[in-house]
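Visitor: A structural model of the following input is requested.
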Amino acid sequence: IKIVDECAAGIGDCPALLASMLGFDATMMNDDALNVQVQLALSMRRHRRGGILLLVPPGTDTWRESIVHPIKYAVQPAFRELTDLLAQHGGMVDREWTDATAQAIDAMAGLTAVDGATVVTTTYELLAFGAKITRRRGSAAVEQVIVTEPIEGNVPERVHPGQLGGTRHLSAAQFVHDEPGAVALVASQDGRFTIFSWSPRDNAVRAHRVEVLLL
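Guide: Below is the predicted model of the structure:
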């Protein structure tokens, strides 16, 4: 039995997605963009093929320095279906909009089943899928991440990212280490789900195990 610790959102550098999942901030629950991240996580976990979704800041190409080139499935111009749907939402409950958004979310999450990572801006423009993550030139290899789980009694621990689930987790941790403005969502085939984010306070990558919140 695991008991969710609602105070876990109060830890330093807690990513907004985790806070939203915990319902820490009521305003976040009304934020379409964050709710989409929750739905993407659920859809990624549901297809049970595992995958990586990289959320990068819009208007920047620095993430490309952490990706092997050429990118096999680069999307140019960026695919904006989900972005445009969110822009159309005026706060009214509309069945047609809800269905279209759900389909767009499932389609984007489905791309994470392709070998490699799916790259999306935080405004949900699809930039690439099937992308191979590499260490940025001149960057050190990530040796440790701080693992946390939002359950009572959890004690953060430092481990090598490979211990969390192999190559997929190691690649995601390296990407966030090299691109601290990004967040990586990693689904495992066995149902485990991890959010990787950079912690300025700890000067380290944090790996938030959140599958207990996706049941």
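Visitor: number of nearby residues for the closest residue to Thr134 other than its chain neighbours?
Guide: Residue nearest to Thr134 in three dimensions, not counting chain neighbours: Val68, with 5.0 Å by CB to CB, 6 or more residues apart in numbering. For every residue, glycine as well, the C-beta is placed using N, CA and C. Close neighbours of Val68, defined as other CB atoms under 10 Å, add up to 11.
Visitor: likewise Arg137?
Guide: Residues lying near Arg137 (other CB under 10 Å) number 8.
Visitor: ditto for Val186
Guide: 26.
Visitor: contacting residues around the helix or strand hosting it?
Guide: Take DSSP states H and E as the rule and Val186 turns out to sit in strand 183-187. Contacts of strand 183-187 with the rest of the structure, by CB atoms under 8 Å, 6 or more residues apart in numbering, involve 15, 17, 37, 40-41, 44-45, 50-55, 112, 117, 165, 168-169, 172-173, 175-176, 193-197.
Visitor: Would you mind identifying the next helix or strand past that strand?
Guide: strand 193-199.
Visitor: Now the element after that following strand, going C-ward?
Guide: Following strand 193-199 in sequence order, the next helix or strand is strand 204-209 (DSSP H and E).
Visitor: Enumerate the positions of the helix or strand where Val38 lies that are buried.
Guide: Element membership for Val38 (DSSP H and E) is helix 32-47. Across helix 32-47, burial judged by 16 or more other CB atoms under 10 Å covers 33-45.
Visitor: What of stretch 136-151?
Guide: For stretch 136-151, a neighbour-count test (16+ other CB under 10 Å) marks 136, 142, 144-150 as buried.
Visitor: mind putting the residues you listed in a markdown table, distance to Phe79, pLDDT and secondary structure included?
Guide: Compiled in a markdown table, the buried residues of stretch 136-151 are given as follows (distance: CB to CB, whole Å; pLDDT from 0 to 100; DSSP: H, G, I helix; E, B strand; the rest coil):
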| residue | distance to Phe79 | pLDDT | secondary structure |
| --- | --- | --- | --- |
| Arg136 | 25 | 95 | coil |
| Val142 | 30 | 94 | coil |
| Gln144 | 36 | 94 | coil |
| Val145 | 31 | 95 | strand |
| Ile146 | 34 | 94 | strand |
| Val147 | 33 | 92 | strand |
| Thr148 | 33 | 89 | strand |
| Glu149 | 34 | 86 | coil |
| Pro150 | 32 | 80 | coil |
